[in-house]
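Trainee: The following comprises the amino acid sequence and a computationally predicted model.
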Amino acid sequence: MADLIVKAGVRDSTDANVSADFYDALDEEVHNLIEDAARRASDNNRKTVQARDL
(Lines give C-alpha, C1' and ligand atoms only; values in the text may rest on other atoms or scores of the structure.)
Protein backbone atom coordinates (compact mmCIF):
# COMPACT_ATOMS: atom_id res chain seq x y z
CA MET A 1 0.00 0.00 0.00
CA ALA A 2 1.24 3.49 -0.80
CA ASP A 3 1.83 6.01 1.96
CA LEU A 4 -1.12 8.36 1.72
CA ILE A 5 -0.22 10.67 4.56
CA VAL A 6 2.73 12.99 5.10
CA LYS A 7 4.31 12.29 8.47
CA ALA A 8 5.63 15.85 8.84
CA GLY A 9 2.13 17.18 8.21
CA VAL A 10 0.70 14.95 10.92
CA ARG A 11 3.41 16.00 13.38
CA ASP A 12 2.85 19.68 12.56
CA SER A 13 -0.90 19.41 13.14
CA THR A 14 -0.63 18.40 16.79
CA ASP A 15 1.29 19.42 19.88
CA ALA A 16 1.28 15.80 21.07
CA ASN A 17 3.96 13.23 20.38
CA VAL A 18 3.08 10.81 17.58
CA SER A 19 4.04 7.15 17.87
CA ALA A 20 5.38 5.28 14.85
CA ASP A 21 2.43 2.87 14.73
CA PHE A 22 -0.04 5.79 14.56
CA TYR A 23 1.11 6.63 11.03
CA ASP A 24 0.36 3.11 9.77
CA ALA A 25 -3.05 3.09 11.43
CA LEU A 26 -3.90 6.54 10.04
CA ASP A 27 -2.74 5.54 6.57
CA GLU A 28 -5.02 2.47 6.75
CA GLU A 29 -8.00 4.62 7.80
CA VAL A 30 -7.40 7.06 4.93
CA HIS A 31 -7.10 4.16 2.49
CA ASN A 32 -10.45 2.77 3.70
CA LEU A 33 -12.11 6.19 3.39
CA ILE A 34 -10.91 6.49 -0.21
CA GLU A 35 -12.09 2.98 -1.10
CA ASP A 36 -15.54 3.63 0.41
CA ALA A 37 -15.85 6.98 -1.38
CA ALA A 38 -14.87 5.44 -4.71
CA ARG A 39 -17.45 2.69 -4.19
CA ARG A 40 -20.17 5.29 -3.49
CA ALA A 41 -19.24 7.24 -6.62
CA SER A 42 -19.34 4.06 -8.68
CA ASP A 43 -22.69 3.05 -7.18
CA ASN A 44 -24.01 6.43 -8.34
CA ASN A 45 -22.68 5.88 -11.88
CA ARG A 46 -19.89 8.44 -11.49
CA LYS A 47 -16.18 8.10 -12.19
CA THR A 48 -15.34 11.16 -10.12
CA VAL A 49 -15.06 10.89 -6.35
CA GLN A 50 -16.55 13.97 -4.71
CA ALA A 51 -16.61 15.35 -1.16
CA ARG A 52 -20.18 14.12 -0.72
CA ASP A 53 -18.89 10.54 -1.12
CA LEU A 54 -17.14 10.82 2.22
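Mentor: Yes, it's here. Note that this is a predicted model, so its numbers are computed, not measured.
Trainee: Going by C-alpha atoms from here, please, whenever you check contacts or count neighbours.
Mentor: Fine.
Trainee: Where does the residue nearest to Asp3 when sequence neighbours are not counted fall, secondary structure wise?
Mentor: Spatial nearest neighbour of Asp3, chain neighbours left out: Asp27 (6.5 Å); criterion: CA to CA, 6 or more residues apart in numbering. Using DSSP states H and E, Asp27 maps to helix 20-43.
Trainee: where's that helix relative to the chain centroid, distance-wise?
Mentor: In terms of CA atoms, centre = their mean, to the nearest Å, the centre of helix 20-43 is found 4 Å from the chain centre.
Trainee: Are there helices or strands packed against it, and which ones?
Mentor: If contacts are counted by 3 or more CA pairs under 8 Å, 6 or more residues apart in numbering; DSSP states H and E, helix 20-43 sits against no helix or strand.
Trainee: thinking again about what came up before, what about the residue nearest to Asp3, distance to Asp43?
Mentor: In this view, Asp27 and Asp43 are 24 Å apart by CA to CA, to the nearest Å.
Trainee: And those two? Which one has more around it.
Mentor: Neighbour count, other CA atoms under 10 Å: between Asp27 and Asp43, Asp27 has more, with 18 against 10.
Trainee: show me the contacts for that one.
Mentor: 3-5 (CA atoms under 8 Å, 6 or more residues apart in numbering).
Trainee: I appreciate the help and will end here.
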